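In: One predicted model, sequence on top.
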Amino acid sequence: MGLLLSLRTMATDSNKFQAIISHCKEYGFIFQSSEIYDGLQAVYDYGQWGSELKKNIKDHWWKSMVQMHENIVGIDSAIFMHPAIWKASGHVDNFNDPMIDNKDSKKRYRVDHLIEAKAEEMRIDGRNDEADGLLDQMDKLLAKDDFDGLKNLIVNQGIKCPISKTSNWTEIRQFNLMFSTQIGSISDEAEVIYLRPETAQGIFVNFLNVQKSGRMKIPFGIAQIGKAFRNEIVARQFIFRMREFEQMEMQFFIRPGAQKEWYEFWKNERMNWHLELFEQQGSHNPFLEAQVKQKFRFHDHVKLAHYADAACDIEYDFPIGFKEVEGIHSRTDFDLKNHQEFSKKKMQYFDSEINQNYIPYVIETSIGLDRIFLLIMSEAYTEQDLSTPEKQDSRVVLKFSPKLAPMKLAILPLVKKDGLPEIARKIMDDCKLHFRCFYEEKDTIGKRYRRMDAIGTPFCVTVDQQTKEDNTVTIRYRDTMQQERIPADKVKDVVLKEIN
Ligand code: ATP
């Protein structure tokens, strides 16, 4: 774990964060990329259960954003795009982070991260007002690109490099976050292109294609899920900050002048989406509602990105503290106007209701798939002490909502003989067409239950001798660990009811 991270997590729940990382690896959710070659920093692979969970999150987002909105459609644009797009979008000139190097350790840091870590230290000491003041000062200096002021702040606050423990800092410099590569087979003809740092531009350059071919009327949205790439300098927070990650973005095209109203609309919609997901995932306990609300907050941007006239983040209280999960940005007509200028193609929309041509304004909702994955994992991960006076016992259970759980049902014959596997297989055949099921006959039933708890399977059914007599099975509920007997032919419906 990075030192910067460790500074921030001391007061929070660093053990839990570490435990989640280990659990993700041990149970096939997330592996370090290229692990057998000692790994590639800030790049991760999703394993057998991680990829299922990720797919379920994508489906849930797609359903709520595209299927449930008649005026939103989805696309899937290519990662490679014409290099002029990144000039027009402002990323070549503006997609920078202020960085500072420590001359002794030769380590490079993002300036905002160093100052935030200092503020976190202050909070640990109970100096909350000072911490707020420091962050406020930082936001104002960042907004003005005042690098001298930021350097002074770092020096005056006595911020030291966590590795060398010195304050021997360089000047602050900007660092562009885009990866570049070449297209074309002969190097002479090769042209530098960029790996997209956001999926949004694929939507903007297809705005008219979609609008015309889909006969879309403003207001309407275009959604997309896809990979994005950023050469993050400080990338040490597991899947929170990666160099290759996935975004789920939606650009909502509106009339100029309507941006304030739609910005508020999408802020609310997206916050509600998080709260609902969170409640589904929780234990359905109404007393938890207040707690749920405390886990999320808005953070308004003081320093606006080059394209925005208003922007905020939805932050969640991760085990490493409150951090951004999603951004809501009022992007004005910045992108479409610039694409019109650079491509020399008209990006206008004719609004027949008001008989006017205009370049639409845009509200963007942009959520990191990997961050929402980490959020769901952080919320689901539970260590339970099940000790009794007679016996010490504990379990790790992932309390995913049945909708999101990678595996919905485990089918477990109590023993590997007496025709029980055959009955269990029949149940499996009945269910696997409808949802993801897992069959296992090895080990004691207790061990098998625990393995299913560890990957968050909400239901286990056990086939035993009684099944042969009355065709009932025992169904075990993951969170309560309660068990009851139900007819074998009802298993499918019980699960379907919970996941739909
Ligand atoms: P941050 O301030 O954390 O670097 P950002 O404000 O640059 O994030 P946006 O450009 O608004 O992020 O991107 C939208 C969303 O994409 C973010 O809310 C986040 O969920 C996700 N995201 C951005 N960068 C990364 C990354 N390096 N790794 C994983 N997810 C990311």
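Out: That came through fine. Numbers count the residues shown, from 1 in each chain.
In: Identify the residues contacting the nearest residue to Val43 once chain neighbours are set aside.
Out: Spatial nearest neighbour of Val43, chain neighbours left out: Ser33 (3.9 Å); criterion: C-beta to C-beta, 6 or more residues apart in numbering. All C-beta atoms are positioned from the backbone trio N, CA, C, and that covers glycine. If a contact means C-beta atoms under 8 Å, 6 or more residues apart in numbering, then Ser33 has 39-40, 43-45 as its contacts.
In: so which of these is the most crowded?
Out: Comparing the contacts of Ser33 by number of neighbours (other C-beta atoms under 10 Å), Tyr44 comes first, having 23 neighbours.
In: Tell me the bridge partners for that one.
Out: Taking DSSP bridges as the rule, Tyr44 bridges to Gln32.
In: Quick check: the gap between the residue in the chain positioned nearest to the ligand and Leu277.
Out: Proximity of the chain to the ligand (C-beta to the nearest ligand atom) peaks at Gly368, 2.3 Å away. Distance, Gly368 to Leu277, using C-beta to C-beta, to the nearest Å: 15 Å.
In: re earlier: rebuild the contacts of Ser33 as TSV, extending it with distance to Arg476.
Out: Output for the contacts of Ser33, formatted as TSV (distance: C-beta to C-beta, whole Å):
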residue	distance to Arg476
Gly39	38
Leu40	40
Val43	38
Tyr44	32
Asp45	31
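In: And these, which is closest to Ile163?
Out: In terms of C-beta to C-beta, no member of these lies closer to Ile163 than Gly39, at 19.5 Å.
In: Just to be sure, the closest one is in a strand?
Out: No. Counting by DSSP: H, G, I helix; E, B strand; the rest coil, Gly39 is not part of a strand but coil.
In: what does this protein put close to the ligand?
Out: 230, 232, 241-242, 245, 247, 324-327, 366-368, 370-371 (C-beta under 6 Å from any ligand atom).
In: Try it again at 8 Å.
Out: 42, 97, 112, 197-198, 228, 230, 232, 235, 239-243, 245-247, 249, 305, 311, 313-314, 323-327, 329, 366-372 (C-beta under 8 Å from any ligand atom).
In: Buried by neighbour count, from the residues you listed: which ones?
Out: Among those, those buried by neighbour count (16 or more other C-beta atoms under 10 Å) are 42, 97, 112, 197-198, 228, 230, 232, 235, 239-243, 245-247, 249, 311, 313-314, 323-327, 329, 366-372.
In: Now do the buried residues in stretch 474-490.
Out: Residues of stretch 474-490 classed as buried by neighbour count (16+ other C-beta under 10 Å): 474-476, 478, 488.
In: can you check stretch 110-124 too?
Out: 110-123.
In: Could you do stretch 76-91 as well?
Out: 77, 81-82, 85-86, 88-89, 91.
In: now swap in stretch 23-40 and tell me
Out: By 16+ other C-beta under 10 Å, the buried positions in stretch 23-40 come out as 23-25, 27-30, 32-33.
In: and what of stretch 351-358?
Out: In stretch 351-358, counting by 16+ other C-beta under 10 Å, buried: Tyr358.
In: now the end-to-end length of it.
Out: 8 Å (C-alpha to C-alpha, to the nearest Å).
In: Any chance you could list what contacts it?
Out: Outside stretch 351-358, the residues touching it (C-beta under 8 Å, 6+ apart) are 218, 255-256, 348-350.
In: Mind checking the pLDDT average for that stretch?
Out: Stretch 351-358 comes out with an average pLDDT of 96.
In: Now do it: distance to the chain's middle.
Out: Relative to the chain's own centre, stretch 351-358 is displaced by 38 Å; criterion: C-alpha atoms, centre = their mean, to the nearest Å.
In: Stretch 335-354 now?
Out: 32 Å.
In: likewise stretch 50-60?
Out: That offset, for stretch 50-60, works out to 11 Å (C-alpha atoms, centre = their mean).
In: can you check stretch 152-171 too?
Out: With C-alpha atoms, centre = their mean, you get 32 Å for stretch 152-171.
In: Could you work out the end-to-end span of that stretch for me?
Out: 10 Å.
In: Give me the buried positions along that stretch.
Out: Going by 16+ other C-beta under 10 Å, stretch 152-171 has these buried residues: 153-154, 157, 159-162, 169.
In: before we move on, back to that, could you dump the contacts of Ser33 into a markdown table and include pLDDT?
Out: Putting the contacts of Ser33 into a markdown table (pLDDT from 0 to 100) gives the following:
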| residue | pLDDT |
| --- | --- |
| Gly39 | 93 |
| Leu40 | 93 |
| Val43 | 96 |
| Tyr44 | 97 |
| Asp45 | 98 |
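In: pLDDT weak spots in the stretch 1-150 of the chain?
Out: 1-13 (pLDDT under 70).
In: how does it look with 80?
Out: 1-14 (pLDDT under 80).
In: And stretch 364-375, end to end?
Out: For stretch 364-375, the end-to-end distance is 21 Å (C-alpha to C-alpha).
In: Any chance you could list what contacts that stretch?
Out: With C-beta under 8 Å, 6+ apart as the test, stretch 364-375 has contacts from 20, 44, 50, 53-54, 57-58, 61, 65, 198, 200, 225, 238-240, 242, 245-252, 266, 269-270, 316, 318, 323-331.
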